[in-house]
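In: please find the sequence and the predicted model below.
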Amino acid sequence: MALLSTTPMLEIAKRNKHGIVAFNVHSFDSIFWVLEAADELKSPVILQTTVGTVKSLGAKNIVEVVTAAADHYNIPVGLHLDHCTDFEVIKEAIRAGYTSVMIDASMHPFEENVVKTKQVIDLAKSLGVNVEAELGKVGGVEDDIVVAEEDAQKAVPEECKQFIELTGVPTLAPAIGTAHGIYKGNPDIDFERIAAIAKLVDIPLVLHGGSAVPDEDVHRCVSLGMAKVNVSTELKNAYSEAIRQHFIDEPDSLDPRSYLQKAKEAAKEIAKSKIRMVGSEGKVIPSFL
Ligand code: 13P
């Protein structure tokens, strides 16, 4: 199937009270096994790349590979640009065929975030491309964006409402206590804040920092309106750990297929568990099948 805008995908998911996982992919092979995992569970899925991945693989190449791979399956697939601060890279991604982009201007004051988000909406909306923005500041490390624990800031519910009215943004990532990367303890998710935001706004919300969040916490977030759940670190860990273990067991191994296959299997298991966690297994609407 052709790639879909993530706006309707996420609106349908929110209406049907399940989430959709957006998996960060960092290599061409990961595109294939994330889609394989989603297809085996008949689940909608979003593939997303950071700016670093766009720079290393090329936006056009990524779109061509994702489009060709998605064509093998009858599941809804969206392609999203994660955490982008650079308008030129956003334009490049949209021109190449990304169906969703994130303008991350959360490091700027509210008014500037509004202006920068509106600039992207003006470009993306007429082309049917989804836009995601962030309010508050999600802590942790994602590519080149580093937010120290003490600088993380939760989103203010009234500001979320005002931001959506001013920009018309179709999806919003409010910082609510999760962080990018693996937590030292359990994340301190502010469920009351999510509920307060969800009371004021009715667009799909986005949960960043989805790795290592207990399943029951994710269920609660999804039930409160978090329709897109981002997962990166756990996939990278599973993939890299399988390769590391392979070379401990077989230090003289030379055939990339042997360790890439192990890495794929390990990461695919994680992908499937995350799809089940957000409740999107079997949630391909019948007309897609
Ligand atoms: P994790 O690396 O914690 O899974 O976060 C991913 C993310 O939110 C990407 O934007």
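Out: Received the coordinates, thanks. Quick caveat: nothing in here was measured; it's all calculated off a predicted structure.

In: hey, what's I103 bridged with?
Out: C84, A133 (DSSP bridges).

In: against the ligand, how distant is it?
Out: Distance of I103 to the ligand, computed by Cβ to the nearest ligand atom, to the nearest Å: 13 Å. Where C-beta positions appear, they are placed from N, C-alpha and C, glycine not excepted.

In: quick check: that residue touching K116?
Out: Yes: I103 is within contact range of K116, at 5.9 Å (criterion: Cβ atoms under 8 Å).

In: have a look at the two and say which one is more surrounded.
Out: Using other Cβ atoms under 10 Å, the more surrounded residue of I103 and K116 is I103, with 27 against 20.

In: about what we covered before: intersection of neighbour lists for I103 and K116?
Out: Jointly contacting I103 and K116 under the rule Cβ atoms under 8 Å, 6 or more residues apart in numbering are F87.

In: what does stretch 80-98 rub up against?
Out: For stretch 80-98, the external contacting residues (Cβ under 8 Å, 6+ apart) are 3, 6, 22, 24, 46-51, 54, 59-60, 62-63, 67, 79, 99-105, 107, 116, 119-120, 123-124, 127, 129-130, 132, 134, 142-143, 145, 230.

In: only the buried subset of those residues, as a ChimeraX command please.
Out: Command for ChimeraX that selects the buried part of these, burial taken from 16 or more other Cβ atoms under 10 Å:
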select :3,6,22,24,46,47,48,49,50,51,54,59,62,63,79,99,100,101,102,103,104,105,116,120,123,124,129,130,132,134,142,143,145,230
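
In: among the contacts of stretch 80-98, which are located in strands?
Out: 22, 24, 46-49, 79, 100-103, 130, 132, 134, 142, 145, 230 (DSSP state E).

In: so what does T171 have for phi and psi?
Out: The phi/psi pair for T171 (degrees, to the nearest 10) reads phi -140, psi 140.

In: would S273 count as being in a helix?
Out: Yes: under DSSP: H, G, I helix; E, B strand; the rest coil, S273 falls within a helix.

In: can you count the residues close to it?
Out: Number of residues near S273 (other Cβ under 10 Å) recorded here: 15.

In: ok, now which ones touch it?
Out: Counting by Cβ under 8 Å, 6+ apart, S273 touches no other residue.

In: with A69 instead?
Out: Residues in contact with A69, defined by Cβ under 8 Å, 6+ apart, are I31, F32, L35.

In: the nearest residue to D151 once chain neighbours are set aside and V101, how far apart?
Out: Leaving aside its chain neighbours, D151 sits nearest to K137 (6.3 Å; criterion: Cβ to Cβ, 6 or more residues apart in numbering). Remark: distance between K137 and V101 (Cβ to Cβ, to the nearest Å) = 19 Å.

In: V63 touches L79, doesn't it?
Out: Yes: if you go by Cβ under 8 Å, V63 and L79 touch, sitting 6.7 Å apart.

In: so what sits against both of the two?
Out: Residues touching both V63 and L79 by Cβ under 8 Å, 6+ apart: L3, G97, Y98.

In: which ones among those residues lie within helices?
Out: If you go by DSSP state H, these have nothing in helices.

In: which among those gets closest to K17?
Out: L3 (24.5 Å; Cβ to Cβ).

In: show me what contacts that closest one?
Out: Counted by Cβ under 8 Å, 6+ apart, L3 has contacts V63, V66, T67, A70, V77, G78, L79, G97, T99.

In: enumerate the residues of this structure near the ligand.
Out: With Cβ under 6 Å from any ligand atom as the criterion, the chain meets the ligand at residues 24, 82-83, 142, 180-181, 208-211, 230-233.
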